[in-house]
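Peer 1: this one's sequence-less:
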C-alpha cells in the first residue's frame, strides 16, 4: 500500500517531462520510502539501477546489463570507466529515457571521481537523451555532492527533493486505526513508511514491539547502528549523545560532562544530528536562539526517541532473551512517554487548528511568572500580527478533570510575563473529548489533532 507522496510524484513527473534532459537529486534517511517513491514514476523507458558495495568494474558491468533491457547489445563491450559508459549510453539512444541510480553514495565511495564526471557530462550536454536521477540514503554525502557550494553537482539539478517522514494522519490511514491509536503508534514508529509496513504485519503494537524491536533477533533491534553507518564517521560519538539525551540529559553542559568533553567539541556533531532531524533544539517561546541560555536538546525522530529511551537501557536484558520482562517494564512507562509525543503533535497542529488567525508554529514555554514562581505551559503560539496568543495544556490520561485543568490553565495565563494586552485563547488538548464544559472553553482531542496534520 502506497500512502501519500502526491506532491513529490507530481513534481518528479513535471521535471522529467521537461524538453531538456534533467538531473534530479533525491535523498532522505534510510527506510523513508525513496525507492518506493521512484517505483511510482518509472516506466518502460526507465533504467532503474540499485548500487551496492561491489568494486567499480562489477558495478559498471551490472549497469550495462540493466541498460541491455532497452538497448540490445549494450552490455557486450567492456566499459573501462563510468565516463565511457554514460557517454556511450547517450549516443546509443534514439528516444528520451530516464536513468535512475539508487544508493548513489555506494558508487561514489569506490569512484570518488563520479560526481565530477557527471558534472562534465551535464555541462557538455552529453546526457541530452536521458534524464539522470541520483538517489541516496547518506544524507550528508548527498548534501556534500549537491547542496554544498563547492560540490561538483552544485547548481546543476533541476529538482532536489529531500524525502521527509510522513505524518501521523497518514499512519492512521495506513493502519486503519483510530486517531487515539494513531498517536500511540506514532510515538513508536514515527513517520517512516518501512516501520509501518513491518508493524502492519503484526496483530497489535505490543506484538510488533516484542517481535521486531524488544528482541535480540528483531528486525529493528540494532536500527540506530544501521542508520548511523550510512551517515556518520564519528558514529560512536553520535550514538553516545543520543543515549544520554534518551536517558534524560537535555542540556549541552550535562551531555558534555557525561561524555567528558568540552561543550565546544560537540558543536559539530550536534549540528549534524540537527541537520538530519535526529535531534531538535528546544527553546522557550519568545526566546532568541542566539541569546538564550535555556536551550534543551531532544530526540526529534520518534522511533529513535523510543529506542534510546527504552531499548538502550534494557539492552542487556533483551540480549539475554528476557524480552517479556523488558516489555512489561516498558509498557508501564509508555503512557508518560506517549504524553510527551502528544504534546509535540499538539504544538505542530496549532497553525492548522486555527487557520483563520494565521498562527506561527507553537512552542513550549518555561520560566519565571510575574509572581517570580517557576511556570511551564505546554503550548504557546502567537499570531503573525502578534495580537493573539494560544495558550494550552496537553494531557494524555484516561481520566482528566477538564474543568479543573481549565481553571489551572487560566491561573497560569494571568501569571505569564509576555501576555500584555493581547487576546489569549485558552486551549485544552485532551486524550478524550471533555463534556459539560462551557462553550467558550476550546478543547481538542486526538481526532482534531491527527486530522489537522494531514
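Peer 2: Nice, thanks for sending it over. No experiment lies behind these values; they were computed from the predicted model shown.
Peer 1: where along the stretch 301-450 of the chain do the helices fall?
Peer 2: 302-306, 315-319, 323-353, 402-414, 446-452 (DSSP state H, counting those that start in this stretch).
Peer 1: can you list contacts of the fourth one?
Peer 2: Same thing as helix 402-414. Defining contact as CB atoms under 8 Å, 6 or more residues apart in numbering, one finds that helix 402-414 is touched by 369-370, 375, 377, 391-393, 395, 419, 424, 426, 428, 430, 434, 436-437, 441, 443. Every C-beta, even on glycine, is put in place using the N, C-alpha and C of the backbone.
Peer 1: redo that, cut-off 10 Å
Peer 2: By CB atoms under 10 Å, 6 or more residues apart in numbering, the residues outside helix 402-414 that reach it are 365, 369-371, 375-378, 380, 389, 391-393, 395, 401, 419, 424-428, 430, 432-438, 440-443.
Peer 1: among these, which ones are buried?
Peer 2: Buried members of the contacts of helix 402-414, counted by 16 or more other CB atoms under 10 Å: 365, 375, 377-378, 380, 389, 391-393, 395, 425-428, 430, 432, 434, 441-443.
Peer 1: can you map out the helices along the stretch 1-150 of the chain?
Peer 2: 6-16, 34-39, 56-67, 82-92, 104-110, 114-123, 139-146.
Peer 1: Now the ones you listed in JSON lines, please, with extra columns for distance to residue 273.
Peer 2: Formatted as JSON lines, the helices of the stretch 1-150 of the chain follow (distance: least, CB to CB, whole Å):
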{"stretch": "helix 6-16", "distance to residue 273": "25"}
{"stretch": "helix 34-39", "distance to residue 273": "20"}
{"stretch": "helix 56-67", "distance to residue 273": "31"}
{"stretch": "helix 82-92", "distance to residue 273": "33"}
{"stretch": "helix 104-110", "distance to residue 273": "19"}
{"stretch": "helix 114-123", "distance to residue 273": "25"}
{"stretch": "helix 139-146", "distance to residue 273": "11"}
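Peer 1: Redo those as a markdown table? Include mean pLDDT, distance to residue 357 and mean neighbour count.
Peer 2: Below are the helices of the stretch 1-150 of the chain laid out as a markdown table (pLDDT from 0 to 100; distance: least, CB to CB, whole Å; neighbours: other CB atoms under 10 Å):
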| stretch | mean pLDDT | distance to residue 357 | mean neighbour count |
| --- | --- | --- | --- |
| helix 6-16 | 92 | 25 | 15 |
| helix 34-39 | 88 | 34 | 18 |
| helix 56-67 | 97 | 53 | 17 |
| helix 82-92 | 97 | 53 | 17 |
| helix 104-110 | 91 | 44 | 20 |
| helix 114-123 | 95 | 46 | 18 |
| helix 139-146 | 80 | 35 | 21 |
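Peer 1: Nearest to residue 198, out of the ones you listed?
Peer 2: Checking the helices of the stretch 1-150 of the chain against residue 198 by CB to CB gives helix 34-39 as the closest, at 13.9 Å.
Peer 1: Give me the spatial nearest neighbour of the residue positioned nearest the centre of the chain, chain neighbours excluded.
Peer 2: Nearest residue to the geometric centre of the chain (CA atoms, centre = their mean): residue 165, 4.4 Å. Closest residue to residue 165 apart from its sequence neighbours, by CB to CB, 6 or more residues apart in numbering: residue 191 at 2.8 Å.
Peer 1: could you check the distance from the one you found over to residue 345?
Peer 2: To residue 345, residue 191 is 11 Å away according to CB to CB, to the nearest Å.
Peer 1: Pull up the overlap in contacts between those two.
Peer 2: Residues touching both residue 191 and residue 345 (CB under 10 Å, 6+ apart): 167, 168, 302.
Peer 1: picking up where we left off before, looking at the contacts of helix 402-414, which are in strands?
Peer 2: 365, 375-378, 380, 389, 391-393, 395, 424-428, 430, 442-443 (DSSP state E).
Peer 1: pLDDT weak spots in this structure?
Peer 2: By pLDDT under 70, the low-scoring segments of the chain are 1-3, 230-234.
Peer 1: what residues go with each domain of it?
Peer 2: Split into domains by automatic domain parsing, the chain comes to 6-162, 169-341, 345-452.
Peer 1: for the shortest one, how far is the first residue from the last?
Peer 2: Put plainly, it is domain 345-452. 10 Å (CA to CA, to the nearest Å).
Peer 1: starting at the chain centroid, how far to that domain?
Peer 2: 26 Å (CA atoms, centre = their mean, to the nearest Å).
Peer 1: So for stretch 68-78, what gets flagged as buried?
Peer 2: 70, 71, 74, 75.
Peer 1: so the residue nearest to the centre of the chain makes contact with residue 276?
Peer 2: No: the criterion here is CB atoms under 10 Å, and residue 165 misses it with residue 276 at 11.7 Å.
Peer 1: list residues touching both of those two?
Peer 2: 28, 29, 300, 301.
Peer 1: Give me the distance between the last one and residue 337.
Peer 2: Residue 301 is 14 Å from residue 337, where distance means CB to CB.
Peer 1: Same check on the first one?
Peer 2: As for residue 28, its distance to residue 337 is 26 Å (criterion: CB to CB).
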